[in-house]
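[1] fold the following for me, if possible:
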Amino acid sequence: MTGEDELHLPAESESAQAHAAESDQPWLRLDRRMLLVHPLSELLRLLPVLVLSVVVGSQSGNHLWGLVAVVVLVGIGIARYFTTTYRIGPVHVQLRRGVFSKRELSIPRNRIRSVDVRATVLHRLLGLSVLTIGTGRRADDTDDNATFELNALANDLVAPLRSALLAREPAPRADGDAPPAADGEAPVAAPPQGVEIGHWRPSWVRFAPFSVAGIVTVAAIVGLVFQYGVGEQLVRLSDLGDRAATLARAGIAISVVLAVVALLVVSSVLACVLYLVRFGNLRVVDDGRTIEVSHGLLETRQTTLDRRRLRGATLQLPLLLRAVGGAALSAIMTGVSAEKRQSSMLLPQSPRREAQRVMVDVIGDDRQVAAVLTPHGPRAARRRFTRALAPGLLVLVGGAGWGLFVSAPPWWVWTVAAVLVVGGALLAWDRYRGLGHAVLPGWLVTQHGSLDRRRHSLEAAGIIGWTVRQTFFQRRLGLATIVAATPAGTGHYEVIDIPVADAWALVDAVTPGAGDVWATRP
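    Numbering: from 1, shown residues only. Okay, the predicted model is just below:
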């Protein structure tokens, strides 16, 4: 199927006639421009192997190694076009692929939970997109063979195909009549116009340095440089070694400070660049049935979230981002795993008030933001201070033992101990200040953490089970952790270190009747 073909999709059905007509649907190929996309993608993805083959060829005097590698990679890319077909039936969507090992993936249409669309720079230049169908199963993320991905689909086919796959009933017309159908096929109607509830602004880039993205990128680059021996070559070919020796003579403290400053500057610049490239032009559009999140400057991505599977939202409030008034927002969706690569992001790092405003628009309840959390009491505070102060106290004890039985410990031992004690006390105070929960009609709000604080607003109707658990140390303090099980988001949300006497009462308040048998147990 190409962009010039007229798109006719069979209506989703579970009837006996639909099952009988499944085999009558034609098998379709991806766009012919895939013949350019896949060979180039294979070359870029396997560039290190290609470079190695060229090096081996040059050392052996046989320069055909590089040419052979290019021919093989291009051949594999072209073969993928002729070995990849898909079929959209009334009951299933099916995908056949595989150059050396043939595989067929079949997904019931009523199991489709998400349809994501992305496009790299090459795809955008050729007018193509990559459409990925998700079912909410873990295999969607852990096994590439279980991923239903149409790589190189014409752009004019993406919107109607996505609307048809996510639709569970024909879209009503303006006059109230059902849309006409012919020969069992449902003509794809134009998607309803949505309202923009969120829009990225260039000023948000100021929040990018307050994340670990830049530091992780720097570490990855340094690791690759030294893994392939380039770092040693740079040191030998420059005066970096002499400069390092000079810094060492100047003092360890100065060297460490300069290294930290350099790391922060480089990582901040990289974080800003990554943030701009990944989240630039972000828009959040709500049409009342779905929420569409699109973003990206070079590689674009569009994620469609079905409102019928919305079970709440999560405000992400890590320490550094929280300190500058920022936050990030993600949706809690049934069938969309927040712990895997499936995206439920609504807003990246952004002003906290903007994230809260979009959260209210998405879940339709402003009480979640204004809710005052119930603290968990002094025993929960004691547990946080005990755990946070333990490392510093151990260093103090070790330093004292060193001084008693060996010799006077160096000054840095006491410095480390003081830093750990003061830092631990501040961390424990912040952790307890951010610990709490609230029960609202139809909702459970829970918050915990300091370095990576998260505030979850979970719809009570999405909770399918409860667990109240106690560790050995929690039992001694009379505390417990409540786990609300749900098929949405991470799969479980916790109320940590609540007094055990209040645990089952909270369960009963969120899910009436669920805690009765336990609350009245002897």
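
[2] element containing Val256, please.
    Here Val256, judged by DSSP states H and E, is contained in helix 252-279.

[3] no wait, Ala328
    strand 326-333.

[4] can you list the helices and strands that that strand packs against?
    strand 300-306, strand 310-318, strand 345-351, helix 352-363, strand 452-459 (3 or more C-beta pairs under 8 Å, 6 or more residues apart in numbering; DSSP states H and E). Just so you know, the C-beta spots here come from the backbone N, C-alpha and C atoms, and that holds for glycine as well.

[5] quick one: work out the angle between the helix holding Val256 and strand 300-306.
    Using axes from the mean of the first three to the mean of the last three C-alpha atoms, to 10 degrees, the direction of helix 252-279 lies 70 degrees away from that of strand 300-306.

[6] quick check: angle from helix 252-279 to strand 345-351?
    If you take the same axes, to 10 degrees, helix 252-279 sits at 130 degrees to strand 345-351.

[7] ok, then the element right after helix 252-279?
    Counting by DSSP H and E, what follows helix 252-279 is strand 283-286.

[8] in that following strand, which residues are buried?
    Buried residues in strand 283-286, counted by 16 or more other C-beta atoms under 10 Å: Val284, Val285, Asp286.

[9] ok, Glu354 touching Leu347?
    Yes - look at Glu354 against Leu347 with C-beta atoms under 8 Å: they come within range, at 6.9 Å.

[10] that older thread, can I get the helices and strands packed on strand 326-333 in JSON lines including mean neighbour count?
    JSON lines is the format used below for the helices and strands packed on strand 326-333 (neighbours: other C-beta atoms under 10 Å):
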{"stretch": "strand 300-306", "mean neighbour count": "21"}
{"stretch": "strand 310-318", "mean neighbour count": "23"}
{"stretch": "strand 345-351", "mean neighbour count": "23"}
{"stretch": "helix 352-363", "mean neighbour count": "19"}
{"stretch": "strand 452-459", "mean neighbour count": "20"}
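
[11] tabulate the ones you listed (CSV), appending distance to Ala484.
    Shown next, in CSV, are the helices and strands packed on strand 326-333 (distance: least, C-beta to C-beta, whole Å):
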stretch, distance to Ala484
strand 300-306, 21
strand 310-318, 11
strand 345-351, 21
helix 352-363, 16
strand 452-459, 6
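
[12] do you know which of the ones you listed lies nearest Trp443?
    For Trp443, the closest of the helices and strands packed on strand 326-333 is strand 452-459, at 6.0 Å, according to C-beta to C-beta.

[13] then that closest one to CSV, C-alphas only?
    Taking C-alpha atoms only, strand 452-459 is exported to CSV below (Å, rounded to 0.1, in the frame of the first residue of the first chain):
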residue,chain,number,x,y,z
ASP,A,452,13.2,11.4,43.2
ARG,A,453,9.9,12.5,44.7
ARG,A,454,6.6,11.5,42.9
ARG,A,455,3.1,12.5,43.7
HIS,A,456,0.6,9.9,42.3
SER,A,457,-3.1,10.7,41.8
LEU,A,458,-4.8,7.3,41.2
GLU,A,459,-8.4,6.7,40.4
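
[14] contacting residues around Thr304?
    Shown in contact with Thr304 (C-beta atoms under 8 Å, 6 or more residues apart in numbering): Ser114, Val115, Asp116, Val117, Arg162, Leu166, Thr290, Ile291, Glu292.

[15] mind running it again at 10 Å?
    Residues in contact with Thr304 (C-beta atoms under 10 Å, 6 or more residues apart in numbering) are 114-117, 162-163, 165-166, 191, 285, 289-294.

[16] look at Arg307 and say how many residues are nearby.
    Per other C-beta atoms under 10 Å, the neighbour tally for Arg307 reads 15.

[17] so who does it touch?
    Contacts of Arg307 by C-beta under 10 Å, 6+ apart are Asp286, Asp287, Gly288, Arg289, Thr290, Ile291, Ala331, Met333, Val362, Gly364.

[18] now the fifth one: how far from Ile112?
    So that's Thr290. Separation of Thr290 from Ile112 (C-beta to C-beta, to the nearest Å) stands at 13 Å.

[19] so what sits against both of the two?
    Leu166, Ala167, Asp306.

[20] need the residues touching each of Glu354 and Leu347.
    By C-beta under 10 Å, 6+ apart, Glu354 and Leu347 have these common neighbours: Gly198, His199, Trp204, Ala327, Leu329.

[21] just the residues you listed now: which is nearest Arg311?
    Arg311 lies nearest to Leu329 out of the shared contacts of Glu354 and Leu347, by C-beta to C-beta, at 14.6 Å.

[22] you'd agree that closest one is up against Val358?
    Yes - Leu329 lies in contact with Val358 (C-beta atoms under 10 Å); the separation is 5.9 Å.

[23] overlap in contacts of these two?
    By the contact definition C-beta under 10 Å, 6+ apart, Leu329 and Val358 are jointly contacted by Gly198, Val284, Ala313, Leu346, Leu347, Ser350.

[24] for Thr147, state which of these is nearest.
    Out of these, the member with the shortest distance to Thr147 (by C-beta to C-beta) is Leu346, at 23.3 Å.

[25] and the closest residue to that closest one other than its chain neighbours, what is it in contact with?
    Counting by C-beta to C-beta, 6 or more residues apart in numbering, Leu329 is the residue found nearest to Leu346 once chain neighbours are left out, at 4.5 Å. Leu329 makes contact with 198, 284, 313-316, 344-350, 352, 354-359, 362 under the criterion C-beta under 10 Å, 6+ apart.

[26] for the helix holding Val256, packing partners?
    helix 213-227, helix 240-250, strand 290-295, strand 345-351 (3 or more C-beta pairs under 10 Å, 6 or more residues apart in numbering; DSSP states H and E).

[27] where's the nearest residue to Asn155 once chain neighbours are set aside relative to Gln302, distance?
    Counting by C-beta to C-beta, 6+ apart, Gly127 is the residue found nearest to Asn155 once chain neighbours are left out, at 5.1 Å. Relative to Gln302, Gly127 is positioned 15 Å away (criterion: C-beta to C-beta).

[28] repeat that for Val205.
    22 Å.

[29] same thing with Arg353?
    From Arg353 to Gln302 the distance is 26 Å (C-beta to C-beta).

[30] Val372 - nearest residue in space that isn't next to it in sequence?
    Ala438 (6.8 Å).

[31] so for the host helix or strand of that neighbour, mean pLDDT?
    Secondary structure from DSSP H and E places Ala438 in strand 436-440. Averaging pLDDT along strand 436-440 gives 94.

[32] tilt between that strand and strand 452-459?
    Strand 436-440 and strand 452-459 meet at an angle of 20 degrees, taking the same axes, to 10 degrees as the criterion.

[33] who's in contact with strand 436-440?
    Here strand 436-440 makes contact (C-beta under 10 Å, 6+ apart) with 365, 367-368, 370-376, 380, 444-448, 455-457, 460, 482, 494-496, 498, 502, 505-510.
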